[in-house]
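Undergrad: Mind folding the following:
(2 chains)
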Amino acid sequence: MEFPSNCKYTKDHEWVRVEGDTCVVGITEFAQSELGELVFVDLPSAGKSVSPGSTLCVVESTKAASDVYAPVVGTVAEANAALKDSPSLVNTEPYTGGWMVKLSGVAKGDLDKMLTVDQYKELLKGRI
Amino acid sequence: MEIATEIQRTVLFDVHCRLGGKMVPFAGWEMPVQYSGVIPEHVATRTAAGLFDVSHMGELWVTGPDALKLIDSLTCNKVAAIQDGRAQYNAIITDSGGIVDDIIVYRFGPERFLICVNASNATKDFEWFKSHNTFNATVTNASDEYGQIAIQGPRAIEILSKITAKVPERSFSFTEDEINGSDVIIARTGYTGEDGVEIFCATSATEKLWERLLEVGKPLGLIPCGLGARDSLRLEACLPLHGHELGEDISAYESGLGWIIKLDKGEFKGKSALAKHATGSPRNLIGFYVTDAGIARHGDSVITSDGTKIGTVTSGTKTPTVNRALGLALIDSKFSAIGTKFNIEVRGRKLAAQVVATPFYKRPKV
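TA: Reported below is the predicted structural model:
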């Protein structure tokens, strides 16, 4: 499984990557493999304020709906409209085409508190 | 009633793990929810063939001079109408007309019947038959003695015919044969909406039979399928699931099982309660499409535009073949006409939905 080193991670299997002024958020390859093929992603509207623990998106497989939590405090700048027609991009390209939300107004200090790739891999030890 | 028991494993547990099956608890059993993925497994069953471990299902034998009378006294379909070598879908009925379990009854002879029951209900059903057995009949719980494998899909029969000459010809008929040196019962039944069979075999012979079917079937597109695909396949075909569309608190008429209720067959448990629903029940099981973006699921509330609750979703997902968010709901029968619009409360949002004709999927006639 792949876990890019230019991302920060949460214990709930979200990743964040800084791109210019915004932070791109998605779920990890491990998360998508646990969920199975997605058939629907419920995305937030631009402008929505989120904070850790609040639901950012809902991802649904044929079997179940699961929450994706906001990893940091921020405001939704954009959601990945491509997931409306192709939710399975989250499965096939979890770090690229399957991104979910871009957040603006994220504090650097919040990002520093997130897990590094090595810490995230340590968390998955014995599970992959 | 949920009876807490230790989780059980079918004889194929190690095989599932070797095949990459993702194991989850279901009805007291640790079962594969998927191997390669719910969607590819669903599609393979609709286009080629799928192999399912259904060894968790229960098997009861009812034998003796009054075997038929005992089963007929506790179920709503006409057991006396079954011929030797044929099977019948039936249901065990409570005094209030609800369903203890939905079952398939196989007639081997006038005094010998096999009943296939749901995994989670095997012990309850066995006790039910025993406690109501005032007849000259013997009830045996043989669930531990049998493994069960389903092979389903348009190529299932072609695959099966590579390992047996005794393919049961008609739907709901069965044959007996010996495969890999072990006795099997082959029934032309299933739970996917496709053609195919369910094979009962000795527990000890299950692994060899599974491997053999997979070996001869692989070149024809057969793949192992988990409970996830089994559920999406049966939902598209509108085959009810106990604990969802069926239960002791839902009348058999409300569950849409009027076609197996034979009020003219003589006395049986629950008959007088069912008779009251024969010309119309307060609730109906309906099929719906979600017309907004989103997926309704089991337990979600069905509401009118003014917010009044009129029912509950019993099963719902977005299924691979129909490729729509769809489901079944038990609702106030006043709202059950095809075309009726209502809302479904999904995770705090209201999604528009509409009653549609069922089944959602019907296999093409060959």
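Undergrad: does the residue lying farthest from the centre of chain B sit in a helix, a strand or a coil?
TA: Using C-alpha atoms, centre = their mean, the residue of chain B lying farthest from its centre is B:D306. It sits 35.9 Å away. Using DSSP: H, G, I helix; E, B strand; the rest coil, the structure places B:D306 in coil.
Undergrad: got a pLDDT number for it?
TA: According to the per-residue confidence, B:D306 scores 94 in pLDDT.
Undergrad: repeat for B:G280
TA: On the pLDDT scale, B:G280 gets 88.
Undergrad: For it, identify the helix or strand it belongs to.
TA: When elements are defined using DSSP states H and E, B:G280 is found to belong to no helix and no strand.
Undergrad: how many neighbours does the closest residue to chain B within chain A have?
TA: Each residue of chain A has a distance to chain B, by C-beta to the nearest C-beta, and the smallest belongs to A:V39, at 4.2 Å. Where you see a C-beta, it was placed from the backbone N, CA and C, and this is true even at glycine. Other residues near A:V39 number 22, with proximity taken as other C-beta atoms under 10 Å in any protein chain shown.
Undergrad: Might you report the residue contacts of it?
TA: Listed by C-beta atoms under 8 Å, 6 or more residues apart in numbering or on different chains, the contact set of A:V39 reads A:60-62, A:87-88, B:39, B:295, B:317-318.
Undergrad: repeat that for 6 Å
TA: Counting by C-beta atoms under 6 Å, 6 or more residues apart in numbering or on different chains, A:V39 touches A:60, A:62, A:87, B:318.
Undergrad: The second one: neighbouring residues, count only.
TA: Translated: A:T62. For A:T62, the number of neighbouring residues by other C-beta under 10 Å comes to 24.
Undergrad: Quick check: A:V68 touching A:L56?
TA: Yes. If you go by C-beta atoms under 6 Å, A:V68 and A:L56 touch, sitting 5.0 Å apart.
Undergrad: so after the host helix or strand of B:I157, what's the next helix or strand?
TA: Take DSSP H and E as the rule and B:I157 turns out to sit in helix B:156-160. Using DSSP H and E, the helix or strand that follows helix B:156-160 in sequence is strand B:174-179.
Undergrad: I'd like to know which elements that next one is packed against.
TA: Strand B:174-179 is packed against strand B:182-187, with contacts defined by 3 or more C-beta pairs under 6 Å, 6 or more residues apart in numbering or on different chains; DSSP states H and E.
Undergrad: If we go by neighbour counts, what in the strand it packs on is buried?
TA: Neighbour counts using 16 or more other C-beta atoms under 10 Å in any protein chain shown place B:184-187 of strand B:182-187 among the buried residues.
Undergrad: Contacts made by it with the rest, please.
TA: Judged by C-beta under 6 Å, 6+ apart, the contacts made with strand B:182-187 from elsewhere in the structure are B:87, B:168, B:174-177, B:197-202, B:205.
Undergrad: And those, which two are furthest apart?
TA: Spatially, the most separated pair among those is B:A87 and B:A205, at 21.2 Å (C-beta to C-beta).
Undergrad: These two: which is more packed in?
TA: For the pair B:A87 and B:A205, the greater number of neighbours falls to B:A87 (23 against 19), based on other C-beta under 10 Å.
Undergrad: Could you check how far that one is from B:E59?
TA: Note on B:A87: its distance to B:E59, by C-beta to C-beta, to the nearest Å, is 13 Å.
Undergrad: where do the helices sit along chain A?
TA: Under the criterion DSSP state H, chain A contains helices at A:29-35, A:82-85, A:89-92, A:108-112, A:117-123.
Undergrad: pLDDT averaged over the fourth one - what is it?
TA: Right, helix A:108-112. If you average the per-residue pLDDT over helix A:108-112, you get 93.
Undergrad: thinking again about what came up before, okay, and which of the contacts of A:V39 map to strands?
TA: With strands identified by DSSP state E, the entries of the contacts of A:V39 that belong to them are A:60, B:318.
Undergrad: Chain B contacts on chain A?
TA: Applying the criterion C-beta under 6 Å from any C-beta of the partner chain, the portion of chain A that neighbours chain B consists of A:36-37, A:39-40, A:60, A:62-63.
Undergrad: pLDDT value on the residue of chain B at minimum distance from chain A, please?
TA: With C-beta to the nearest C-beta as the measure, B:K318 is the residue of chain B nearest to chain A, at 4.2 Å. The confidence metric pLDDT takes the value 96 at B:K318.
Undergrad: With A:G53 instead?
TA: A:G53 is assigned a pLDDT of 86 by the prediction.
Undergrad: Hmm, B:I149 and B:I199 touching each other?
TA: Yes. In this structure, B:I199 is within contact of B:I149 by C-beta under 6 Å, at 5.0 Å.
Undergrad: Pick out whichever of these two has more residues nearby.
TA: Applying other C-beta under 10 Å to B:I199 and B:I149 shows that B:I199 carries more neighbours, namely 26 against 22.
Undergrad: so the more buried one is in which element?
TA: Counting by DSSP H and E, the element that carries B:I199 is strand B:196-202.
Undergrad: Pull the residues that contact that strand.
TA: Here strand B:196-202 has contacts from B:146-152, B:156, B:160, B:182, B:184-190, B:209, using C-beta under 6 Å, 6+ apart.
Undergrad: Try it again at 8 Å.
TA: The list of residues contacting strand B:196-202 from outside it, by C-beta under 8 Å, 6+ apart, reads B:49, B:54, B:59, B:114, B:116, B:145-153, B:156-157, B:160, B:167-168, B:179, B:182-190, B:209.
Undergrad: Can I get the buried part of those residues as one ChimeraX selection?
TA: A single ChimeraX command selects the buried members of the contacts of strand B:196-202 (16+ other C-beta under 10 Å):
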select /B:49,54,59,114,116,146,147,148,149,150,151,152,153,156,157,160,167,168,179,184,185,186,187,188,189,190,209
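Undergrad: wait, what's in contact with the residue nearest to B:F135 when sequence neighbours are not counted?
TA: Spatial nearest neighbour of B:F135, excluding adjacent residues (C-beta to C-beta, 6 or more residues apart in numbering or on different chains): B:D66 at 3.6 Å. Under the criterion of C-beta under 8 Å, 6+ apart, the neighbours of B:D66 are B:135-137.
Undergrad: now those residues as CSV including distance to B:I223?
TA: Listed next are the contacts of B:D66 as CSV, based on distance: C-beta to C-beta, whole Å:
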residue, distance to B:I223
B:F135, 45
B:N136, 47
B:A137, 42
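Undergrad: Buried only: go through those residues for me.
TA: The neighbour-count test (16+ other C-beta under 10 Å) marks B:135, B:137 as buried among those.
Undergrad: Dump the contacts of B:D66 to JSON lines, plus secondary structure.
TA: Below are those laid out as JSON lines (three-state DSSP):
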{"residue": "B:F135", "secondary structure": "coil"}
{"residue": "B:N136", "secondary structure": "coil"}
{"residue": "B:A137", "secondary structure": "coil"}
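Undergrad: Which of the contacts of B:D66 sits closest to A:N6?
TA: Of all those, the one sitting nearest A:N6 is B:A137; the distance, using C-beta to C-beta, is 71.4 Å.
Undergrad: quick one, phi/psi of the residue lying closest to B:S55 once chain neighbours are set aside?
TA: Once its chain neighbours are removed from consideration, B:S55 has its nearest residue in B:T10; the separation is 3.8 Å (C-beta to C-beta, 6+ apart). Dihedral angles of B:T10 (phi, psi; degrees, to the nearest 10) stand at phi -80, psi 170.
Undergrad: In this structure B:T10 contacts B:W29, no?
TA: Yes. Counting by C-beta atoms under 8 Å, a contact exists between B:T10 and B:W29, whose distance comes to 6.5 Å.
Undergrad: residues shared between the contacts of those two?
TA: Residues touching both B:T10 and B:W29 by C-beta under 8 Å, 6+ apart: B:H56.
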